[in-house]
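Participant: Requesting a structural model of the entry that follows:
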Amino acid sequence: MRGARAFTLLELLLTLILMAILSAIAIPAFNQFLQRGHAAALRMQLMRAMHFARTQAVVRHERIMLCPSANQVTCGGAWQQGFIIQTTGDAAKILHVFHFAMNNGVLHSRFFPRGRVALTFFASGWPDIQNGTFWFCANRAVNPQWALVINRTGRIREVLPGRYGEIVDDVGAQLIC
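Facilitator: Modelled structure (predicted):
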């Protein structure tokens, strides 16, 4: 009968230590990978929502509003909680709901003229703003990960960080978190 082969206690401890070290390195990198993926998904979803709202305004020949919605029924709340697309007027009808609960960052928005929180498209496809910017900041970040700029005609442009990690708007001012 042959002797049984087994690991020694030293081999087992070395393997466990090596696995702990690799896990300590890999888990933070994996979390960053997931956060970048969530931020990219939010960017694509917001871009799709703006395109959809603009298209619906042209097709339906009516004003269509894109607004942040915490409860996905009425306008109000933060953009990263979700947003809805609805018709305007007395009998407002929700056309589409975008659920996206982000807890690892903040989606900022800025429109001109100031004071607007929602984005409305006319039947021509033009927005009711002269320009606007959305930008996403991860928690504890100094610079945004991405920005979406919408111009006077309703065209949307994606802006990614430059060489030094900054995003500069159309007038040369740096977007900050």
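Participant: What ranges does this structure have for its helices?
Facilitator: Secondary structure of the chain (DSSP state H): helices located at 9-60.
Participant: okay, and for it, where does confidence drop off?
Facilitator: Across the chain, the ranges flagged by pLDDT under 70 are 1-4, 101-102, 170.
Participant: And the residue nearest the centre of it?
Facilitator: Centroid-nearest residue in the chain: residue 42, 3.0 Å away (criterion: Cα atoms, centre = their mean).
Participant: ok, now which ones touch it?
Facilitator: Contact partners of residue 42, counting by Cβ atoms under 8 Å, 6 or more residues apart in numbering, are 80, 100, 102, 107, 136. For glycine as for every other residue, the C-beta is placed from the backbone atoms N, C-alpha and C.
Participant: what's the distance between it and residue 20?
Facilitator: 33 Å (Cβ to Cβ, to the nearest Å).
Participant: quick revisit: so which of the contacts of residue 42 is surrounded by the most neighbours?
Facilitator: Among the contacts of residue 42, the one with the most neighbours (other Cβ atoms under 10 Å) is residue 136, at 24 neighbours.
Participant: Okay, and the beta partners of it?
Facilitator: Assessed by DSSP bridges, residue 136 has beta-bridge partners residue 107, residue 146.
Participant: so residue 77 makes contact with residue 100?
Facilitator: No. At 11.7 Å, residue 77 does not count as touching residue 100 under the criterion of Cβ atoms under 8 Å.
Participant: for stretch 122-135, how far is the first residue from the last?
Facilitator: 24 Å (Cα to Cα, to the nearest Å).
Participant: Now residue 174: closest residue in space that isn't a chain neighbour?
Facilitator: Of all residues not flanking residue 174 in the chain, residue 166 sits nearest, at 5.1 Å (Cβ to Cβ, 6 or more residues apart in numbering).
Participant: Enumerate the positions of stretch 78-88 that are buried.
Facilitator: For stretch 78-88, the neighbour count (16 or more other Cβ atoms under 10 Å) marks 79-87 as buried.
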